[in-house]
Every structure is written in C-alpha cells, then in structure tokens.
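**Student:** give me the fold of what follows.
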Amino acid sequence: MIRLAALLGLLGLAAATGVVLWSGWEDVWTALEQAGWGILAVALFHLVQLFVSSAGWRILMPPRNRPSYGAFLLFMWVRASVNALMPVARIGGEIAAIRLMTAYGLPRNKAIALTIAELTLSVIAIFLFVTLGVLGFALRVNDQHVTAQLGWGLLVSLPLIGGLGFVQKIGFFSLLSRLFRVMFREKWARFAGGAARLDKAVGLVYRRHGRALACGVIQFGAWSLGSVEIWLSLFFLQHPVSLWDAALIEALIQGSASAAFAIPGALGVQEAGFLLFGGLLGLPPPLAGALAMMRRGRDLLCYVPGLAMWQAHEGKRLFKK
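**Tutor:** Just a heads-up that it's a prediction; the model follows:
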C-alpha cells in the first residue's frame with residue numbers, strides 16, 4: 001500500500017510539475033514574487049482553519065477530562081501534516097493522532113471512536129460544502145459539460161457517504177474485524193482492542209446528538225474558511241476576486257482533492273484543478289499556477305513543522321520504552 005501511494009505520489013509530482021510548466025513557469029514565478037511575504041501570511045491563516053476544525057473535534061467529548069484546545073490543535077496539526085505529506089492514502093494521519101491522544105491520557109477505544117466520528121462528520125461537511133460549490137459554479141459558469149461531470153461526481157459520492165454512516169450504525173469494527181485481522185494480524189488487536197467495544201464507543205459519541213450536530217456545523221465552517229484563504233492568496237497575488245468566487249474555487253479544489261485521496265497531497269490533481277476551475281472563473285493560467293504553488297507553499301510551511309513535532313513525540317515514546 002505504501003509503495004503504491006509513493007508511486008502515485010511520484011506520478012502526481014510529475015503531473016504537477018507539468019501543469020506549472022504549461023502555465024508558464026516564468027510568469028508563475030513573477031506572480032509569486034509579487035506575493036512575497038503573503039505566502040507566509042496565508043500559511044499562518046491556515047492555522048486558524050486547523051484550530052476551528054480541532055475545536056469541532058474537541059466538542060464531541062464531554063467536558064470532564066477533556067484535553068485542552070491546544071492539545072486538540074496539536075492532534076489536528078499532526079494528523080493533517082501526515083495526511084498531506086506522507087504516502088499514507090489519507091489515513092495515516094488518523095493513526096498518528098490517535099497515538100498522540102492516548103499519550104495525553106485518553107483511552108485508546110475512546111480516541112479511535114472520537115476520530116472515526118469526527119472524520120465521518122467532516123466528510124459530510126465537506127460534501128455539503130462541495131455540493132454548494134458545484135451549484136454555485138453551475139450558476140456562475142456556462143459550461144454544461146464540466147457541470148455535468150461535477151454533478152456525476154457528487155452522485156457517485158453520495159452512496160459512499162451513506163454507506164460510511166450505515167456500517168458504523170450496524171457495527172463497523174465488528175463487521176470488518178476478520179478482514180482487519182487478516183490484513184494487520186496481531187497488530188490490529190494490539191492497536192484497537194475488541195471490535196465490539198469500539199463499536200459501542202462510536203455509538204456513544206453519536207448518541208450525544210447535540211455535540212455531533214455542533215461538530216458537523218463547526219467542520220462546515222472550517223472548510224468554508226478555505227475560501228478566505230483563496231481570497232487572501234489572490235489578494236497577495238495582485239488579483240483580488242470576490243469572496244464568492246474564492247469559495248467556488250475552494251469548493252471545487254477540495255472536491256478534486258477528496259476524489260484523489262489515494263495520491264499523497266493530491267499531487268497533480270490539485271494543480272490541474274486550479275488550472276481548470278480557475279480558468280473557467282477568469283484566472284489566467286500563470287495566475288492559476290501561482291495560486292496552486294501558494295497552496296503547496298502553505299502545505300510546506302504548515303505541515304513540515306507538524307511532521308517534525310510528530311517525529312519528536314514518537315522519538316520520546318521510543319526512548320521511554
């Protein structure tokens with residue numbers, strides 16, 4: 001699995017490089033020079049988005065013995081860093097976060113349940129955000145072919161999201177425990193413990209209806225903050241747009257990145273998305289390429305430190321053994 005993800009990452013990197021070269025490398029670089037320190041400002045703003053998302057995750061827990069906002073920001077930061085920069089098909093970050101949560105004193109089954117529930121609610125939130133973006137795009141751009149393709153993508157995603165909720169309702173871990181044992185052998189039992197206990201813990205999180213609803217609303221708000229990030233990026237690139245257009249770009253890019261979850265960082269797919277959707281919304285190719293590069297710069301500035309913190313924490317755990 002890791003080898004396949006690494007291969008897909010290399011292919012994605014080649015595709016991303018090709019997209020930027022096709023956009024006109026010199027013009028892209030000139031636009032980035034105009035942005036200057038704005039790249040750092042965008043990266044710092046992304047931490048706000050991570051904080052809001054971590055607050056939504058935290059609210060799933062009752063107040064008693066709940067880790068601080070700072071702790072949950074660390075969990076989210078490490079989780080996002082691993083998923084964005086490592087060849088782990090967008091799931092390794094969850095495992096790293098669960099290990100951090102247990103180090104902060106949370107029982108492992110509770111940490112897994114909270115992560116599974118938050119991940120599910122976040123997927124629903126981003127689906128709604130992307131759906132609104134596709135509807136807005138259909139009203140904003142007269143391109144029936146692209147709109148139809150986006151609509152089909154949403155229709156294909158809908159039963160997958162419904163299935164994700166259904167298997168959790170009937171007992172996700174009990175249903176797949178035999179498969180997990182075959183795939184991971186005794187490592188699964190050591191990491192997760194009993195399947196029935198995990199399913200019970202997940203069900204308990206969802207039974208707190210008010211907290212689950214609040215988490216979903218906060219996660220929708222966190223995804224929406226990405227629109228402000230796009231708006232800021234284009235402002236620093238000397239090409240201001242409306243917040244509405246920025247929201248459309250962000251929604252469509254997030255939809256593309258979600259579809260390419262197996263490719264580390266959605267390399268290539270994200271860059272092509274900026275070029276396609278940005279162009280349809282009036283961005284010249286060099287500017288769309290520069291916007292894509294700012295997003296990659298944000299990832300490096302935000303997530304490399306997150307990986308460093310994760311490695312430092314794992315190193316401490318190793319030396320304690």
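**Student:** buried stuff in the host helix or strand of K316?
**Tutor:** Assigned by DSSP states H and E, K316 belongs to helix 285-320. Neighbour-count burial for helix 285-320, counted by 16 or more other C-beta atoms under 10 Å, picks out 285-299, 301-303, 306-307, 310, 313. Quick note: C-beta positions are derived from backbone N, CA and C, even for glycine.
**Student:** I'd like to know which elements that helix is packed against.
**Tutor:** Counting contacts by 3 or more C-beta pairs under 8 Å, 6 or more residues apart in numbering; DSSP states H and E, helix 285-320 packs against helix 2-35, helix 38-58, helix 69-85, helix 92-103, helix 209-236, helix 269-280.
**Student:** please redo it, this time with the cut-off set to 10 Å
**Tutor:** For helix 285-320, the helices and strands in contact under the criterion 3 or more C-beta pairs under 10 Å, 6 or more residues apart in numbering; DSSP states H and E are helix 2-35, helix 38-58, helix 69-85, helix 92-103, helix 209-236, helix 243-259, helix 269-280.
**Student:** quick one: closest of those helices to H145.
**Tutor:** helix 269-280 (10.9 Å; C-beta to C-beta).
**Student:** starting at the chain centroid, how far to that closest one?
**Tutor:** 18 Å (C-alpha atoms, centre = their mean, to the nearest Å).
**Student:** with stretch 272-291 instead?
**Tutor:** How far stretch 272-291 lies from its chain's middle: 21 Å, per C-alpha atoms, centre = their mean.
**Student:** please apply the same query to stretch 61-80.
**Tutor:** 17 Å.
**Student:** hang on, the earlier thing: can I get the helices and strands packed on helix 285-320 in a markdown table with distance to I161, mean pLDDT and mean neighbour count?
**Tutor:** Shown next, in a markdown table, are those (distance: least, C-beta to C-beta, whole Å; pLDDT from 0 to 100; neighbours: other C-beta atoms under 10 Å):
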| stretch | distance to I161 | mean pLDDT | mean neighbour count |
| --- | --- | --- | --- |
| helix 2-35 | 23 | 59 | 16 |
| helix 38-58 | 18 | 95 | 19 |
| helix 69-85 | 19 | 93 | 22 |
| helix 92-103 | 17 | 89 | 21 |
| helix 209-236 | 12 | 95 | 19 |
| helix 243-259 | 11 | 89 | 21 |
| helix 269-280 | 20 | 82 | 22 |
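**Student:** which stretches in the stretch 51-200 of the chain count as helices?
**Tutor:** In the stretch 51-200 of the chain, the helices defined using DSSP state H, counting those that start in this stretch lie at 69-85, 92-103, 108-140, 144-170, 172-184, 186-192, 195-207.
**Student:** ok, which of those helices comes nearest G279?
**Tutor:** Among the helices of the stretch 51-200 of the chain, helix 144-170 comes nearest to G279, with 10.6 Å by C-beta to C-beta.
**Student:** quick one: buried residues of the closest one?
**Tutor:** So for helix 144-170, counting by 16+ other C-beta under 10 Å, buried means 146-147, 150, 153, 157, 164, 168.
**Student:** report the angle between it and helix 243-259.
**Tutor:** 60 degrees (axes from the mean of the first three to the mean of the last three C-alpha atoms, to 10 degrees).
**Student:** for V228, give me its contacts.
**Tutor:** Counting by C-beta atoms under 10 Å, 6 or more residues apart in numbering, V228 makes contact with 42, 45, 48-49, 243, 246-247, 250.
**Student:** columns distance to L128 on top of the helices and strands packed on helix 285-320, output as a markdown table?
**Tutor:** Below are those laid out as a markdown table (distance: least, C-beta to C-beta, whole Å):
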| stretch | distance to L128 |
| --- | --- |
| helix 2-35 | 27 |
| helix 38-58 | 14 |
| helix 69-85 | 20 |
| helix 92-103 | 21 |
| helix 209-236 | 6 |
| helix 243-259 | 10 |
| helix 269-280 | 19 |
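**Student:** of those helices, which is nearest G136?
**Tutor:** Proximity to G136, assessed across the helices and strands packed on helix 285-320 by C-beta to C-beta, is greatest for helix 243-259 (5.2 Å).
**Student:** quick check: closest non-adjacent residue to G255.
**Tutor:** V130 (4.0 Å; C-beta to C-beta, 6 or more residues apart in numbering).
**Student:** show the contacting residues for the most centrally placed residue in the chain.
**Tutor:** Nearest residue to the geometric centre of the chain (C-alpha atoms, centre = their mean): A80, 6.5 Å. For A80, the contact set (C-beta under 10 Å, 6+ apart) comprises 46, 49-50, 53-54, 93, 97, 299, 302-303, 306.
**Student:** thanks again, I'm all set now.
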